[in-house]
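Visitor: Kindly return the folded structure for what I paste below:
(one chain, ligands or ions: 1)
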Amino acid sequence: MNYLAKRITQSSKKSFGMYAKAAGIVDPQRDLIHLELGSPYADTPTAIKQATIQALLDGKVHYSHLQGLPHLRDALARKLAAQYGLDYSASEIVVTNGLTHASFAAFMALLNEGDEVVLLEPYYPQHVGKIELAGARAVLAPFDAEAGFTITPGLIAAKITPRTKMIVLINPCNPTGRVFSREELQIVADLAIKHDLLVVSDEVYEEIVFDRAEHISIASLPGMRGRTVTMFAFTKSFAMDGWRIGYLSAPGAIIEGILKITTNDVTHVNTFIQEGAYEAVTTQAAALAELVEEDRIKRDLVVSRLNQMAGVRCSMPQGTIYAFPDIRETGMTSQELADAILENTDVVVEAGSFYGPAGDGNLRVCFGSQSVERLTEAMDRLQHFFGTL
Ligand SMILES: Cc1ncc(COP(=O)(O)O)c(C=O)c1O
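Guide: A predicted model of the protein is given here:
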């Protein structure tokens, strides 16, 4: 292992949490129900597949523009303008291999040795590995569970030092399911402007918001466009996690550095996959609305069932595909509980502590990854289990 790989403190196995544990179970008699991984249950809409197949048949099998197909980037720029009031030209958008690649490129291009990056905690563990790879240090700002995992004025301010370079935001938030309000985002924006910080905003769940919640992109707040990298993906919205396609938007000066990274790692995203993404962003609004409605139905089912279980309290997630029930009444740690649930029910859920100590009073239950029937079966098993504690 070279010095770069050694910089990443968490082992690759640990970085997959309960998924890695469940993968170790090979007994075919055990009927595992996976609620730990954020892989959408739905299939990718057919029109997206057809456009991709057609692109292959039409010979779109050669190199694309390194930054992404121009007509795709044009369509993405139009989408960002229409949906969030963001003003980016196609030259300020880079098509990436999922959000993972967008964040890799952003952290590599922007961070220097010794920089500090503030992450709101519970955090997304995969962000940390990349920050460490870039030679920087992740500084955790723990949310208060009692305050409903909201952004408060003191939360981030207390973590800013002269070495702070960046704040990382996940909105809508995995694992808590929060969709941050304009007031909460303004707190982050005010601090970023005051201390001259960059904001890297992971908006992979941008489309998956429920009821009257509105997703606001922090780059649209006054003074933020020039200091924000916003990252999106087709992964969750269009059930395209295996396709590996996303994109980022940022001002030109930042794009230049990001392109140095992306053209040297993957060159560009597969040409025909980009045609599928073009279909998604230009014609698939109705299919997207249907997918989100399916998630809402599953959310309602899972949250209502969780709230009937002894020792469990679950608030309603405003977005994402996760419920984040509070399990403190059980007196167990979230890891003990997730292990016991797997052992006794063959349901796999993630321990809240996987996302940092501030998540230890909770479990993360993915309602977007199974059919209604399987979710019902999982909830029956969990209800029985909690009744025995
Ligand atoms: C917050 C967050 N960011 C990034 C990702 C990874 O996205 P992608 O599969 O597009 O790389 C996930 C996937 O679960 C996620 O929850």
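Visitor: from here on, contacts and neighbour counts on C-alpha atoms
Guide: OK.
Visitor: Show residues contacting the helix or strand where residue 54 lies.
Guide: Residue 54 belongs to helix 46-57 when assigned by DSSP states H and E. Judged by C-alpha atoms under 8 Å, 6 or more residues apart in numbering, the contacts made with helix 46-57 from elsewhere in the structure are 61, 272-277, 279-280, 284.
Visitor: Near residue 316, how many other residues are there?
Guide: Each residue near residue 316 was counted by other C-alpha atoms under 10 Å, and the total is 18.
Visitor: Now render the contacts of helix 46-57 as JSON lines, adding neighbour count, secondary structure and pLDDT.
Guide: Putting the contacts of helix 46-57 into JSON lines (neighbours: other C-alpha atoms under 10 Å; DSSP: H, G, I helix; E, B strand; the rest coil; pLDDT from 0 to 100) gives the following:
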{"residue": "61", "neighbour count": "13", "secondary structure": "coil", "pLDDT": "98"}
{"residue": "272", "neighbour count": "24", "secondary structure": "helix", "pLDDT": "98"}
{"residue": "273", "neighbour count": "21", "secondary structure": "helix", "pLDDT": "98"}
{"residue": "274", "neighbour count": "28", "secondary structure": "helix", "pLDDT": "98"}
{"residue": "275", "neighbour count": "24", "secondary structure": "helix", "pLDDT": "98"}
{"residue": "276", "neighbour count": "23", "secondary structure": "helix", "pLDDT": "98"}
{"residue": "277", "neighbour count": "26", "secondary structure": "helix", "pLDDT": "98"}
{"residue": "279", "neighbour count": "18", "secondary structure": "helix", "pLDDT": "98"}
{"residue": "280", "neighbour count": "22", "secondary structure": "helix", "pLDDT": "98"}
{"residue": "284", "neighbour count": "17", "secondary structure": "coil", "pLDDT": "98"}
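Visitor: Closest one to the ligand out of those, please.
Guide: Relative to the ligand, the closest of the contacts of helix 46-57 is residue 277; by C-alpha to the nearest ligand atom it sits at 12.7 Å.
Visitor: The contacts of helix 46-57 also near the ligand: which ones?
Guide: If you filter those for contact with the ligand, counting by C-alpha under 6 Å from any ligand atom, you are left with nothing.
Visitor: Mind pulling up the pLDDT for residue 111?
Guide: Each residue has a pLDDT score; the one for residue 111 is 98.
Visitor: Surely it is in contact with residue 136?
Guide: Yes. At 6.5 Å, residue 111 and residue 136 qualify as touching, with contact defined as C-alpha atoms under 8 Å.
Visitor: Those two: which is more packed in?
Guide: Regarding residue 111 and residue 136, a neighbour count based on other C-alpha under 10 Å identifies residue 136 as having more, with 24 against 20.
Visitor: Give me the distance between the more buried one and the ligand.
Guide: The gap separating residue 136 from the ligand is 19 Å, by C-alpha to the nearest ligand atom, to the nearest Å.
Visitor: try residue 94
Guide: Applying C-alpha to the nearest ligand atom, one obtains 14 Å for the distance of residue 94 from the ligand.
Visitor: Alpha carbons of the one helix or strand that residue maps to, in CSV - could you do that?
Guide: Of the helices and strands defined by DSSP H and E, residue 94 is found in strand 93-96. Once non-C-alpha atoms are left out, strand 93-96 reads as follows in CSV (Å, rounded to 0.1, in the frame of the first residue of the first chain):
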residue,chain,number,x,y,z
ILE,A,93,-20.8,21.6,-15.7
VAL,A,94,-18.8,18.3,-15.7
VAL,A,95,-20.4,14.9,-16.2
THR,A,96,-19.0,12.4,-13.8
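Visitor: Show me what that strand packs onto, helices and strands only.
Guide: Using 3 or more C-alpha pairs under 8 Å, 6 or more residues apart in numbering; DSSP states H and E as the contact criterion, the neighbours of strand 93-96 among helices and strands are helix 70-84, strand 246-249, helix 252-265.
Visitor: Report the angle between whichever helix or strand comes after it and helix 252-265.
Guide: From strand 93-96 onward toward the C-terminus, using DSSP H and E, the following helix or strand is helix 98-110. Per axes from the mean of the first three to the mean of the last three C-alpha atoms, to 10 degrees, the angle that helix 98-110 makes with helix 252-265 is 110 degrees.
Visitor: is any part of helix 98-110 close to the ligand?
Guide: Yes. Using C-alpha under 6 Å from any ligand atom as the criterion, contacts between helix 98-110 and the ligand involve 98-100.
Visitor: Let me know how buried residue 15 is, in neighbour terms.
Guide: Neighbour count for residue 15, taken as other C-alpha under 10 Å: 14.
Visitor: Setting the sequence-adjacent residues aside, check what's closest to it.
Guide: Sequence neighbours aside, residue 125 is the residue nearest to residue 15 in space, at 6.9 Å (criterion: C-alpha to C-alpha, 6 or more residues apart in numbering).
Visitor: how about that neighbour, phi and psi?
Guide: Reported as degrees, to the nearest 10, the phi and psi values for residue 125 are phi -50, psi -30.
Visitor: on that earlier part again, pLDDT on the strand holding residue 94, on average?
Guide: Throughout strand 93-96, pLDDT has a mean value of 98.
Visitor: what's that strand in contact with?
Guide: Residues from elsewhere that reach strand 93-96, judged by C-alpha under 8 Å, 6+ apart: 67-68, 73, 76-77, 102, 244-250, 255, 259, 262, 268-269.
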